[in-house]
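Q: make a model of this:
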Amino acid sequence: MKIYIAGHANYAESVFNILKFFKENLEDVDFMIFDNTYEERLEKFIRDNEGEELIVVTDLLGGSVNACAMNLLKKYRFKLFSGVNIAFLLELIFSNNTSEEHLRMILEESRKENVFVNDLLNRKEND
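A: Reported below is the predicted structural model:
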């Protein structure tokens, strides 16, 4: 499995560095620095890794990077996720299971990490 993180500004590098904090060996994870050549570099990475189980992660659904990746889905086979959180990516890098069922499960589980902590604390105080 290869994972490619792509997004605007320094998003991808920052996410990569967070993941590296938790798992030093990230030889199957790469990231893209955003600049005016991102479209060509994203396609080159996907083309160069044809035949691999490839997962591409973008920052914003419908953003320019995500739109480029969506267009590449018409030409290449890979799994595309957008707007995921660190919890999802941690589960992904520590798992060897890339079945769509498993990926959907960790996506759903990771959504539980998005909380308004004030409400969470208020509920606990009221219990």
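
Q: helix/strand/coil for residue 43?
A: At residue 43 the chain is in helix, as set by DSSP: H, G, I helix; E, B strand; the rest coil.

Q: work out for me the element residue 12 sits within.
A: helix 11-22 (DSSP states H and E).

Q: who touches residue 31 in this structure?
A: By C-beta atoms under 8 Å, 6 or more residues apart in numbering, the contact list for residue 31 reads 4, 5, 6, 12, 13, 15, 16. For glycine as for every other residue, the C-beta is placed from the backbone atoms N, C-alpha and C.

Q: let's see it at 7 Å
A: 5, 12, 13, 16 (C-beta atoms under 7 Å, 6 or more residues apart in numbering).

Q: who does the nearest residue to the third one once chain neighbours are set aside form a beta bridge with?
A: Leaving out its chain neighbours, the residue that sits closest to residue 13 by C-beta to C-beta, 6 or more residues apart in numbering is residue 31, at 5.6 Å. Beta-bridge pairing for residue 31 (DSSP bridges): residue 5.

Q: mind checking pLDDT for residue 31?
A: Residue 31 carries a pLDDT score of 96 in this model.

Q: let's verify the residue most central in space within the chain: helix, strand, or coil?
A: The centre of the chain sits closest to residue 57, judged by C-alpha atoms, centre = their mean, with a distance of 3.1 Å. Following three-state DSSP, we place residue 57 in the strand state.

Q: from residue 27, how far off is it?
A: From residue 57 across to residue 27, the span is 17 Å (C-beta to C-beta, to the nearest Å).

Q: could you do residue 13 as well?
A: 16 Å.

Q: can you check residue 60 too?
A: 27 Å.

Q: more neighbours: which of these two?
A: Ranked by neighbour count (other C-beta atoms under 10 Å), residue 60 and residue 27 place residue 60 first, with 14 against 6.

Q: look up phi and psi at the more buried one.
A: The phi/psi pair for residue 60 (degrees, to the nearest 10) reads phi -120, psi 120.

Q: contacts only, for it.
A: 66, 82, 83 are the contacts of residue 60 under C-beta under 7 Å, 6+ apart.
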